[in-house]
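*Asks:* Build the 3D model from these lines:
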Amino acid sequence: MTDPAIDYLRDYVAIPSVNPMGRSDLPGEIVGEAAFASHLLEQLRGLSVDAVQVGSPERPSVVAEVQAQQAGGDTVLVASHLDTVPVDGMTIPPFDPQVEGGKLYGRGSCDTKAGMAALVAALEKVLNRGVLRRNLILVGEADEELGSQGVYDVLTNLAGRRPDWVLATEPTDLRVVNAHKGVVHVRMEARGRACHASNPDEGKNAIILLSRAALALDALAQELSARRHPELGPATLSVGILSGGHAPNIVPDHAHLVADRRVLPGETLEGVRAEFEEALVAAGVSDAVEVVSCSLEKPTLSTPEDHPAVVGCTRALAATGQPGERSGVAFGTDAGVFEAAGLPGVVLGPGSILQAHTAREFVEIDQVETMTAFFVELLSGA
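*Replies:* Next comes the predicted model:
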């Protein structure tokens, strides 16, 4: 008999919920979480679960609360994001889910609609059996792939109703992740002086200035490689955008770059900015290049091994026959945002991060089925 989670996952993948990520060139009918949120809301209400939408009508999140059928259990918040990355370059139909070779293909199948499908299927089973022993706050959040606005909307909606811990369903190959790096984006701008390219000495080339800054950042990245966390490895730095200029025959008067800095637990935003500013001084361009913004996109996660979130998830995985492995990861998640708000937790879900955002995104069906069994164990308190 097919796990209902697989049918739910087909339905979810077929609903486009692309995060526009600041772009204006995407077809309007595939952008935003509204259609998926509406479907999920109707599905939960069909299970007699109290569910609401929060946030903006165009980019809503879903919050549902279910009280344990037996008193005394703790409260867990399970969050699975509704949005996906865009579909540029995909070599399969992104919203026509297909099953082949034990895998379900489609945008969001792995990241992270499989986690939500497993959760809803498990909740349905547990409610029908009358064995819900944990209070559950089910969250489908918007905007995880960019600014985590959905989490902030959810936190506002909770208004003091605090769960004991949080589980974010990112693809971890069913490993319990209790630590991950944070994500900081740094924007730098160079100010030059424009002139005709036939006489470049009359100007000041912003691209050249910024290139010197980029080389200094590369040197900084090498230094950071020695700064290691026992589980997460080194802090990292990568320049992802470098742009400037108007035409080949104009010496550019402006250029900018954006760098991705993966931070370790204990590193601060102020410390990151200081490192970048020191790199500009070392390159001799601090008079013409400046750090114009340094923003924390995803906070770090660092939950102790003996925390109830880690212990409870490991125990529930073991009940499904899984080894209950624990690990740290380099990518950031909304679990870090929840932790920064005082709600510690873990990351756990079906699928591999190696398949997330890919041209042929897929999730292993057996992992989705195992995740359903895991949630049944977790919610029934076994």
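*Asks:* Which strand residues bridge residue 53?
*Replies:* With DSSP bridges as the criterion, the beta-bridge partners of residue 53 are residue 62.
*Asks:* residues near it, how many?
*Replies:* Burial measure for residue 53: 20 neighbouring residues, criterion other CB atoms under 10 Å. (Glycine included, C-beta is placed from N, CA and C.)
*Asks:* Equivalent analysis for the one 4 residues further on, please.
*Replies:* Residue 57 is surrounded by 9 other residues when neighbours are defined as other CB under 10 Å.
*Asks:* neighbouring contacts of the longest helix along the chain?
*Replies:* Of all the segments of type helix in the chain, defined by DSSP state H, the longest one is helix 206-224. For helix 206-224, the surrounding residues in contact (CB atoms under 8 Å, 6 or more residues apart in numbering) are 188-192, 234-239, 242, 244-245, 252-257, 259, 275-276, 279-280, 282-285, 288-289.
*Asks:* I'd like to know which of the residues you listed are buried.
*Replies:* The neighbour-count test (16 or more other CB atoms under 10 Å) applied to these identifies 188-190, 192, 234-237, 239, 242, 244-245, 252-257, 259, 275-276, 279-280, 283, 285, 288-289 as buried.
*Asks:* Starting from the following helix or strand past the longest helix of the chain, tell me which strands it pairs with and how they run.
*Replies:* The helix or strand immediately downstream of helix 206-224 is strand 228-229, counting by DSSP states H and E. Using DSSP bridges, strand 228-229 pairs in its sheet with strand 233-234 (antiparallel).
*Asks:* What are the contacting residues of the first helix or strand past the partner strand going along the chain?
*Replies:* Past strand 233-234, further along toward the C-terminus, the next helix or strand under DSSP H and E is strand 236-244. Residues outside strand 236-244 that contact it (CB under 8 Å, 6+ apart) are 181, 190, 206-207, 210-211, 214, 217-218, 220-221, 224-225, 252, 254-262, 330.
*Asks:* Restricting to C-alpha, output strand 236-244 in CSV.
*Replies:* Included here for strand 236-244 are C-alpha records, laid out as CSV according to Å, rounded to 0.1, in the frame of the first residue of the first chain:
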residue,chain,number,x,y,z
THR,A,236,34.4,30.2,4.5
LEU,A,237,34.2,33.2,2.2
SER,A,238,33.1,33.3,-1.4
VAL,A,239,32.7,36.3,-3.8
GLY,A,240,29.5,35.5,-5.7
ILE,A,241,28.8,38.8,-7.6
LEU,A,242,31.2,41.4,-9.0
SER,A,243,29.7,43.9,-11.4
GLY,A,244,30.3,47.4,-12.8
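*Asks:* can you state the direction angle for that strand and helix 206-224?
*Replies:* With axes from the mean of the first three to the mean of the last three CA atoms, to 10 degrees as the criterion, the two stretches strand 236-244 and helix 206-224 enclose an angle of 180 degrees.
*Asks:* hmm, back to that, among the buried ones among the contacts of helix 206-224, which are in helices?
*Replies:* The helices, defined by DSSP H, take in 275-276, 279-280, 283 from the buried ones among the contacts of helix 206-224.
*Asks:* Quick check: what element follows the one helix or strand residue 6 maps to along the chain?
*Replies:* Using DSSP H and E, residue 6 sits within helix 4-13. Once helix 4-13 ends, the next helix or strand along the chain (criterion: DSSP H and E) is helix 34-46.
*Asks:* in that following helix, what's buried?
*Replies:* Residues 34, 36-37, 39-41, 43-44 are the ones in helix 34-46 that count as buried (16+ other CB under 10 Å).
*Asks:* and residue 38, what is it in contact with?
*Replies:* Taking CB under 8 Å, 6+ apart as the criterion, residue 38 is in contact with residue 53.
*Asks:* Distance of it relative to residue 282?
*Replies:* With distances taken as CB to CB, to the nearest Å, residue 38 is found 53 Å from residue 282.
*Asks:* residue contacts, the residue nearest in space to the middle of the chain?
*Replies:* Of all residues in the chain, the one closest to the mean position by CA atoms, centre = their mean is residue 333, 3.9 Å from it. Neighbour list for residue 333: 144, 168, 170, 180, 298, 301, 347 [criterion: CB under 8 Å, 6+ apart].
*Asks:* Next: residue 283.
*Replies:* In this structure, residue 283 makes contact with 212-213, 215-216, 289, judged by CB under 8 Å, 6+ apart.
*Asks:* Max pairwise distance over the residues you listed: which two?
*Replies:* 215 and 289 (11.8 Å; CB to CB).
*Asks:* quick one: residue 76 and residue 162 touch, right?
*Replies:* No. Using CB atoms under 8 Å, residue 76 and residue 162 do not qualify as a contacting pair, with a distance of 11.5 Å.
*Asks:* Contacts only, for residue 36.
*Replies:* 12, 15, 17, 82, 140.
*Asks:* Try it again at 6 Å.
*Replies:* Taking CB atoms under 6 Å, 6 or more residues apart in numbering as the contact definition, residue 36 lies against 15, 17, 82.
*Asks:* and what of residue 134?
*Replies:* Contacts here follow CB under 6 Å, 6+ apart; on that basis residue 134 touches 68, 73, 76, 379, 381.
*Asks:* top of those residues by neighbour count?
*Replies:* Within the contacts of residue 134, most neighbours by other CB under 10 Å means residue 379, with 26 neighbours.
*Asks:* Okay, the closest residue to that residue other than its chain neighbours and residue 233: tell me how far apart.
*Replies:* Closest residue in space to residue 379, ignoring its immediate chain neighbours: residue 126 at 4.8 Å, by CB to CB, 6 or more residues apart in numbering. Taking CB to CB as the measure, residue 126 falls 38 Å from residue 233.
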